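J.: quick check, what structure comes out for this input:
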Amino acid sequence: MRHFARVFAALAALLFFTAAAQAVPTCTRFWVGGGSSTAWTATGNTNWSTTSNGANNASVPTTTDVVCFDSHSGSATSNISASITVLDVDFTGNATGASGSYAGTLTQASSTTLTLGGNFFELTPAMTYAAGANTQALSFTDATASDTIVFKSAGHTLGNITVNPVNTTTFQLQASDPLTLRTDSNFTLTQGIFDNSTNNDNVAAKSFIANTTADTRTVNLGTGTYTLVNDFDLSSSASNLTCSAASATINITGPLAAIAAFNGGGGCSFGAVSFACTGCTTWPVIFANGNAVIGTLSFTAGEMYFAMSSSTITVTNAVNWAGTPGSSGLLIIGYTGSDTLSLTGGGTISWAQLRGLGFTGTAPIITNSFDFGGNSGVTITGPGSGGGGGIIGG
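T.: All right, here's what the predicted structure looks like:
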């Protein structure tokens with residue numbers, strides 16, 4: 001009997017834990033439409049009710065309200081036309097008091113921010129979400145210590161996302177829910193914890209930024225692939241940063257801005273990092289600031305300017321870097337003259353221009369390339385005839 005009592009108590013504790021972990025908010029404002037316009041902030045009349053399928057003209061949601069869209073919210077467009085702060089937002093029908101998922105359209109105007117002070121934001125695949133220009137944003141400011149923000153994009157392409165909770169709160173991507181932002185929009189972690197280690201979703205955006213060294217940040221990239229147009233920036237310093245990225249892949253694809261940043265957080269380890277130049281009309285410049293350890297580092301474009309600044313980049317797998325014969329090729333330089341490429345696996349470099357780099361580890365075989373001075377620890381063999389070009393940016 002005592003054995004069964006213990007088992008029962010354990011099961012009860014497990015069920016309690018599971019219920020707590022899956023807790024959902026209780027709706028306090030329901031979109032029912034019928035307002036003076038389709039704007040969230042419309043007055044006289046408003047679009048809000050205190051109950052699902054109830055009468056409209058309840059007050060516009062405020063910072064303490066859980067906003068819910070459900071099957072009774074209709075199919076008409078709902079528009080965030082001005083910045084607004086609420087507690088939570090649910091479109092799935094999962095929040096307490098809601099009935100069925102939303103199948104209408106949500107739009108968000110440019111230069112507006114939807115700020116959520118709570119820990120719940122879930123879209124649903126059946127709805128339409130229209131992110132405005134790259135000046136619109138979602139902002140998460142959960143002030144509850146050790147909280148987890150439940151976020152679900154449900155396959156929709158979003159605009160800018162800023163995560164700025166207390167530093168012990170976690171923003172966690174959900175299972176089979178890759179995060180895709182507009183190619184002109186950024187994901188920014190100002191402080192707190194970004195955790196992709198459980199579900200290992202892929203992320204696509206213009207940039208992934210967590211470079212505010214004055215604030216405590218934890219970045220756990222899991223095994224996801226991060227496809228970025230421009231920047232991956234954890235800062236050049238390890239100050240207030242904990243990072244785990246040794247199994248992640250960072251692909252910077254372009255078309256790049258004039259200068260893109262790869263800042264490895266002052267020594268973080270990455271599984272693979274690649275740079276391309278899709279759609280580039282001018283030479284892209286990749287500035288690598290601070291130290292990093294990279295399993296596989298590759299350049300998939302023939303013409304690229306890879307500049308290191310006060311950095312030691314360690315590459316553990318063999319490199320195979322090739323520029324383009326007869327053109328300006330691949331330019332790899334140490335910007336400060338005290339930069340180091342540490343190649344554990346050696347490798348090959350061809351049709352490149354090199355300056356100001358100290359090579360350590362296993363020296364690569366460098367052929368058809370140009371030595372513009374200040375290099376050490378390596379032999380650079382020039383082209384047999386033609387090719388190459390003058391140094392760029394020097």
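
J.: where do the strands sit along the stretch 251-394 of the chain?
T.: With DSSP state E, counting those that start in this stretch as the criterion, the stretch 251-394 of the chain has strands at 259-263, 268-275, 285-289, 292-299, 304-309, 312-315, 319-322, 330-334, 339-343, 347-350, 352-355, 357-361, 365-367, 370-371.

J.: reformat those strands as TSV; add mean neighbour count.
T.: To be clear about C-beta, it is placed using only N, CA and C from the backbone, and glycine gets the same treatment. Formatted as TSV, those follow (neighbours: other CB atoms under 10 Å):
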stretch	mean neighbour count
strand 259-263	21
strand 268-275	20
strand 285-289	21
strand 292-299	21
strand 304-309	22
strand 312-315	21
strand 319-322	18
strand 330-334	24
strand 339-343	22
strand 347-350	19
strand 352-355	23
strand 357-361	18
strand 365-367	18
strand 370-371	18
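
J.: next secondary structure after the worst-scoring helix or strand of the chain on mean pLDDT?
T.: The weakest-scoring helix or strand in the chain, judged by mean pLDDT, DSSP states H and E, is helix 2-21 (a mean of 39). Per DSSP states H and E, the first helix or strand lying C-terminal to helix 2-21 is strand 29-31.

J.: report the distance from the helix or strand just after that next one to the chain centre.
T.: Tracing the chain C-terminally past strand 29-31 and defining elements by DSSP H and E, one meets strand 48-49 next. Centroid separation for strand 48-49 versus its chain: 34 Å, with CA atoms, centre = their mean, to the nearest Å.

J.: show the contacting residues for the spatially closest residue to N57 that is not a sequence neighbour.
T.: Among residues not flanking N57 along the chain, N45 sits closest, at 4.6 Å (CB to CB, 6 or more residues apart in numbering). By CB atoms under 8 Å, 6 or more residues apart in numbering, N45 lies in contact with 34-36, 56-57.

J.: specify the beta-bridge partners of I313.
T.: Here I313 sits in beta bridges with A292, L341, going by DSSP bridges.

J.: quick check: it touching G295?
T.: No: I313 is beyond contact range of G295, at 12.0 Å (criterion: CB atoms under 8 Å).

J.: where in this structure is pLDDT low?
T.: Where the chain drops to pLDDT under 70, the residues are 1-22, 255-258, 278-284, 301-303, 326-329, 385-394.

J.: can you pull the contacts of G347?
T.: Under the criterion of CB under 8 Å, 6+ apart, the contact list for G347 reads 317-321, 364-365.

J.: could you redo the last one with a cut-off of 6 Å?
T.: G347 sits next to 318-320, 364 when contact means CB atoms under 6 Å, 6 or more residues apart in numbering.

J.: check contacts around the residue nearest to S236 when sequence neighbours are not counted.
T.: Spatially, and ignoring its direct neighbours in sequence, S236 is nearest to G290 (3.0 Å; CB to CB, 6+ apart). By CB under 6 Å, 6+ apart, the contact set of G290 is 236, 263-264, 266, 311.

J.: show me the one in those that has more neighbours than the rest.
T.: Counting neighbours by other CB atoms under 10 Å, G264 leads those with 28 neighbours.
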